[in-house]
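Chemist: What follows is a predicted structure for the sequence shown.
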Amino acid sequence: MSTPGDDLTIEPTEAIEILTPRDVPLGGPRAMTVRRTLPQRNRSLVGAWCFVDHYGPDEVTLSGGMHVAPHPHSGLQTVTWLFSGEIEHRDSLGTHAYVRPGDINLMTAGHGICHSEVSTPATTQLHGVQLWVALPGQHRDTARDFHHHTPRPIPLDGGGEARVFLGTLAGDTSPVPTFTPLLGAELTLAPHTTVTLDVDPTYEHALLVDQGQVHLDATPVPTAHLAYASPNRPTLTLTNPADTPARAILLGGTPFDEQIVMWWNFIARSGEEIEQARLDWESGSTRFGEVNGYPGDRLPAPELPSIPLKPRGRVR
C-alpha cells in the first residue's frame, strides 16, 4: 500500500504527548458534565481542531441528558458524533435534524449562526463527542451551512474498522467539505489487535480513547485522554492488548498557523472582535438569526473577563 507523501523526507518524530481531560459543565452548572481535552494551556490546536469534548456514557434518567438552549457561534465549524443516544438539532439556517450513532452533523457558523441541542425523550444513554474546527481567516465570515453524512464501516488490516467522517483514511474519503485539510474517524480495534494506518505525514494527529486499552506508537493512552502525535509520521500504529474491544476517535490536519482568540462560543482574531460578537448576540442582532421550534429562552452570554483576551496559536 502506498504511503501519502512518499516523496517527502521523513525526519525523526517526537514522543507521543498525553493530554489529560478536565471536567466541564455543559450549558450551565446543573447540566451534564463533559471531559474536555482541547484546548489546553500548552496546546490549543491539532490541525484546525480547536475543541474536543467527550461525554458519557451517561444514564439520562440520572444526568438529565443534554439540554442546551439556543446559543451563538462564529468563526468555526461544529462536529457532532455519537456512540449512543440521539440529539435533536435546530439552527438558524432552518435545519431540524437528528444526530444518531454513526452519523456526522457538521455545522458551519461562519459569520454567525445559533442552534440548540437536546437529547430526545427516547434516549436512555448519551455518549459521544462534540468537536470544533477553527475556520481560516479567509473563510471565517463565510455563510452558515450544514451537512449530514453516514460513513460506511471500512475493515482495517489486523482487525477492526474505521468510519471516516472527515477527510481520507484507509481508502475511504468523506464527502463532507472542510476549509482546511482535516481527518476525523471513529476507530474500533478487536481484542489483541495491532493496526498500522497510512497517514499524511504533513498532518499532526490526536487520538481520543473512548473505551478499552489503546497504545499509540507503543505509548499507552488512558481512557478519555488525548494523545498528540506531531507531523512527519507516515504511519500511526494502534494496539489493543486487552481481551475486550477498544474504540477511539482519530483527528488530524495540517498545522494551523494562524493566531486565534477563543472565548465562549466564538472564534475571532482579536479581543475587539469577540466583544462585538457578544454585543451582537446580546442585542438580538440579525447576525446570528433565530432558532425556530425550541420551547424556551436562548442562552445569555457570560460577562467578558476583566483581562484582555489575547490571541493564541499552535505549539511549535
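Modeler: Cool, the structure landed. Numbers count the residues shown, from 1 in each chain.

Chemist: Every contact and neighbour count from this point should use C-alpha atoms.
Modeler: Will do.

Chemist: list the contacts for the nearest residue to residue 309 once chain neighbours are set aside?
Modeler: Distance criterion CA to CA, 6 or more residues apart in numbering; nearest residue to residue 309, sequence neighbours excluded, is residue 271 at 5.0 Å. Residues in contact with residue 271 (CA atoms under 8 Å, 6 or more residues apart in numbering) are 261, 308, 309, 310, 311.

Chemist: which residue packs closest to the first one, ignoring adjacent ones?
Modeler: Nearest non-adjacent residue to residue 261, counting by CA to CA, 6+ apart: residue 311, 4.5 Å away.

Chemist: number of nearby residues for residue 75?
Modeler: Neighbouring residues of residue 75 were enumerated by other CA atoms under 10 Å; the total is 26.

Chemist: I should have written residue 276 there, sorry.
Modeler: 11.

Chemist: And residue 298, by the same measure?
Modeler: Residues lying near residue 298 (other CA under 10 Å) number 17.

Chemist: For the residue nearest to it when sequence neighbours are not counted, give its distance to residue 262.
Modeler: Ranked by CA to CA, 6+ apart and with sequence neighbours excluded, the top spatial neighbour of residue 298 is residue 70, at 4.6 Å. Distance, residue 70 to residue 262, using CA to CA, to the nearest Å: 19 Å.

Chemist: In contact with residue 141, which residues are there?
Modeler: Residue 141 sits in contact with 74, 75, 110, 111, 112, where contact means CA under 8 Å, 6+ apart.

Chemist: And the strands in the stretch 151-300 of the chain?
Modeler: Per DSSP state E, counting those that start in this stretch, the stretch 151-300 of the chain carries strands over the ranges 154-155, 160-166, 168-169, 172-173, 182-189, 193-198, 204-211, 214-216, 219-221, 226-229, 235-240, 246-253, 261-263, 266-268.

Chemist: pLDDT below threshold where in the stretch 1-150 of the chain?
Modeler: 1-13, 26-31 (pLDDT under 70).

Chemist: what's the answer for the stretch 151-300 of the chain, then?
Modeler: By pLDDT under 70, the stretch 151-300 of the chain has no low-scoring segment.

Chemist: sorry, back to before: pull the most distant pair out of the contacts of residue 141.
Modeler: Within these, 75 and 112 form the most distant pair, 7.4 Å apart (CA to CA).

Chemist: Surely residue 265 and residue 72 touch.
Modeler: Yes - taking contacts as CA atoms under 8 Å, residue 265 lies within contact range of residue 72: 6.4 Å.

Chemist: out of those two, which sits in the more crowded spot?
Modeler: residue 72 (28 against 17).

Chemist: Chain neighbours aside, what residue packs nearest to that one?
Modeler: residue 114 (4.1 Å).

Chemist: Just give the number of residues close to the one you found.
Modeler: 25.

Chemist: moving C-terminal of whichever strand or helix holds it, what's the next helix or strand?
Modeler: Assigned by DSSP states H and E, residue 114 belongs to strand 113-119. Using DSSP H and E, the next helix or strand after strand 113-119 towards the C-terminus is strand 125-134.

Chemist: Phi, psi for residue 138 please.
Modeler: Recorded main-chain torsions at residue 138 are phi -70, psi -10, according to degrees, to the nearest 10.

Chemist: quick one: it and residue 111, what's the gap?
Modeler: 11 Å.

Chemist: Same check on residue 45?
Modeler: In terms of CA to CA, residue 45 sits 21 Å off from residue 111.
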